Structures are given as C-alpha cells and as structure tokens.
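Engineer: Quick one, fold the following:
(one chain, ligands or ions: 1)
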Amino acid sequence: MTWLITGGAGFIGSHVVKAMTDAGESVVVLDDLSTGRAERLPDGVVLETGTVLDRETVDRVLREHAVTGIVHIAGKKQVAESVARPLYYYHENVEGLRVLLDAAAAAGVGRFLFSSSAAVYGMPDVDLVTEKTPCAPINPYGETKLAGEWLVAAVGARHRMATASLRYFNVAGAATPELGDDGVFNLVPMVFERLDAGESPWIFGDDYPTPDGTCIRDYIHVEDIAAAHVAAARRLAADPEARLVLNIGRGEGVSVAEMVGIIQDVTGRTDVEPRVRERRPGDPARVVASADLIREELGWSAQRGVREMVESAWAGWRLRHP
Ligand SMILES: NC(=O)c1ccc[n+]([C@@H]2O[C@H](COP(=O)([O-])OP(=O)(O)OC[C@H]3O[C@@H](n4cnc5c(N)ncnc54)[C@H](O)[C@@H]3O)[C@@H](O)[C@H]2O)c1
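Structural biologist: Next up, the predicted model:
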C-alpha cells in the first residue's frame, strides 16, 4: 500500500511524511515547491515535483507508484491573501482538489485524507467547538476548506472511497529545527520576528470578553498533528466505509497574552513589554476545539504542551535566523 502525500515538502506535510515513514508506511510526495522545500524530505522518499492541478502528472504519479491512498495537504493558507486573491485560492484549493479526486476515482484509490482547518467555523460563539458546531467561514480561505470537505465527502460516497477531513486548529512547533515553519503568518513566528528586531510584540486587542481581554486559541504541536494523520490513515485502510470529519486540537485554550509571555520566557527576551494595538477585523474572541470525537474515533489525543511547541519552534527559527 502506497500513500501519496501532496504538499509533503511543506511545514505540516514534511512532519506527516516523517511520521508515516517512521510508522513503516510507504509514501511518495507530490509538491510544486511553491512554498515547500525538497530538503525537508527524509532520504529515500521520492519527490515528484508538480502541481495537483496538472491531471497528466497526477495520473502518472498514481499509476507509477501504485498509489492506494492519498493524504492531500497541498494548499494555499494565508487568510489575507485569500481575501485579496479569491479566484487564485478557489483555483488552487478547490479546483486542485477536484482534479486530484477525479484522478483518484479513475485510478480506484480507496482512501482520501484532506487537510481542513478550524477556519471552516468562522466566528464560533461556543466554549468548545465540536464537529457539530455550524460552519460559517468568514474568508475565502475558510470557504475553500469547507467546499473541499463537501467535495471529499461527495466523491467518497459516490466512488466508495474511505475519507477523512481533519480540521487543524493553531499549528506550532517542529519535530526538528530543520522542519520548522518558514512562514511568518501565525502568532509564534510573528512574535519571534518582533523580538529578534528588538521590538515589542504586538497584541491585537485586549478588550475581548475573555479573562485577560486577549483572544484565546487552541495551539497544537505539529508532531501531534502528524501522529493524528497516521492514526487516520490506518483507520481508513481498515474501514472502507469511514467518512470522518474531525477536529485536531488539544481542547485547551491559551490566550494571546499568555502565549506571548511563554514566548518571551523561552526566548529570554523579557526586557520588552508587549504593545496593545487595535483589534484586527475577523478575529473571533475564542476558538478552542473539543477533541472528544477524534479521541473516540481514532484513540488519538495530543501529547505535547505549549511550552514544547514554543521551544521547538524557537530552535527552528534560530536555525533560519542565526
Ligand atoms: N499551518 C497551519 O496553521 C494550518 C492550519 C490549518 C490548516 N492548514 C492546512 O494545512 C496544509 C499545509 O499547511 P502548511 O502550514 O504546511 O503550509 P505550507 O505552505 O508549508 O505547505 C503547503 C505545501 O503544499 C505545496 N503546494 C502548494 N500548492 C500546491 C499545488 N497546487 N500542487 C502541489 N503542491 C502544492 C507547497 O509547495 C508546500 O510544500 C494547507 O492545506 C493548509 O491550508 C494549515
């Protein structure tokens, strides 16, 4: 059995590749290297360089590697860019998925795992977001992920494919410094960047209805995310009828102010005071996963805490910003 991992040269994808190969699975990667790097892949893993939008390439890769399951991680993920370039995001994330699913169905691939996001929930007004919480994305990025889930479920039902859409919450950390996140789009690297420049970290809004007034999120270590993929892949292999939609979070909220404090502590940059700025539009006060369903379905739960995420992310940041 061979798994095709799209986007395997990216931040999350390379962790999934590592976890799957460590678990003894055979994998091949398809990545256009638009944001990924070939060096992220372990020795012995074949990288096919190309886009999921190119049907000929996808057909060839599925055939040549006798692919029996797909983990589709490739995608564009920047919310602000998705607002500026909605057509590009729909093309990459929805049309790319459609091409891949069409090829998978034609090739008789029986398992399909899809990288979704907590962005499908939009501005949830609940303490813990369960998979039954209504989905109401508030930007094109979240819309493409929700449309993707629908597409995966519909094609899975029609073509007897076992499917899983995994809704990641706030991903951070790294298994090794080399696999750290290259982007500066999330809180942790954004604070590293400010601290490295000798500037105060920013906190966007301290007047939210939360205990310390700052937004609350559910941070999840990328190695825990990768372990969840191994568990999901095994489940899909064992259960051809599986139609899973699962949150991947820790089920614990951490406020932005708390997180900034931990980052300052880990980096030793405690000499600067965070600066509060106005709220950013579209930031919900609190987004914390219920992690019950994934524990029931896959027996998976997160093993790593926030400090471990920050320490490992900092080691990766230091490697890239010596
Ligand atoms: N990082 C997060 O916090 C987060 C949260 C929720 C969901 N996600 C989702 O997880 C996935 C991976 O995110 P990431 O943080 O690893 O991002 P990333 O940019 O590091 O990885 C994306 C990978 O996909 C590749 N890629 C992009 N478009 C492609 C295409 N058309 N064909 C082939 N390869 C292509 C890129 O080169 C890169 O290697 C994305 O789908 C993203 O939406 C990420």
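Engineer: Just to check, Thr6 is in contact with Val99?
Structural biologist: No: because the distance of 10.9 Å does not satisfy CB atoms under 8 Å, Thr6 is recorded as not touching Val99. Heads up, the C-betas are built off the backbone N, CA and C, glycines and all.
Engineer: So those two - more neighbours on which side?
Structural biologist: Thr6 (28 against 18; other CB atoms under 10 Å).
Engineer: residues in contact with the more buried one?
Structural biologist: With contact set as CB atoms under 8 Å, 6 or more residues apart in numbering, Thr6 has these partners: 13, 29-31, 52, 70-74, 100.
Engineer: Could you give the number of residues near the residue of the stretch 201-322 of the chain found nearest the ligand?
Structural biologist: Proximity to the ligand, evaluated over the stretch 201-322 of the chain using CB to the nearest ligand atom, is greatest for Val222 at 8.0 Å. The burial metric for Val222, expressed as a neighbour count using other CB under 10 Å, is 26.
Engineer: roughly how far apart are the residue of the chain most remote from its centre and Gln264?
Structural biologist: In the chain, the residue that sits farthest from the middle, by CA atoms, centre = their mean, is Asp271; the gap is 32.6 Å. Separation of Asp271 from Gln264 (CB to CB, to the nearest Å): 9 Å.
Engineer: do the same with Gly44
Structural biologist: Gly44 sits at a distance of 40 Å from Gln264 (criterion: CB to CB).
Engineer: For these two, indicate the residue with more neighbours.
Structural biologist: More neighbours surround Gln264 than the other of Gly44 and Gln264, with 19 against 7 (other CB under 10 Å).
Engineer: ok so, going back, mind listing which of the contacts of Thr6 are in strands?
Structural biologist: Filtering those for membership in strands, criterion DSSP state E, returns 29-31, 70-72.
Engineer: Strands of the chain, residue ranges please.
Structural biologist: Per DSSP E, the chain has strands spanning 2-6, 26-31, 46-49, 67-72, 111-117, 162-168, 170-172, 202-204, 216-217, 219-221, 243-248, 254-255, 275-277, 286-287. These are given in chain order.
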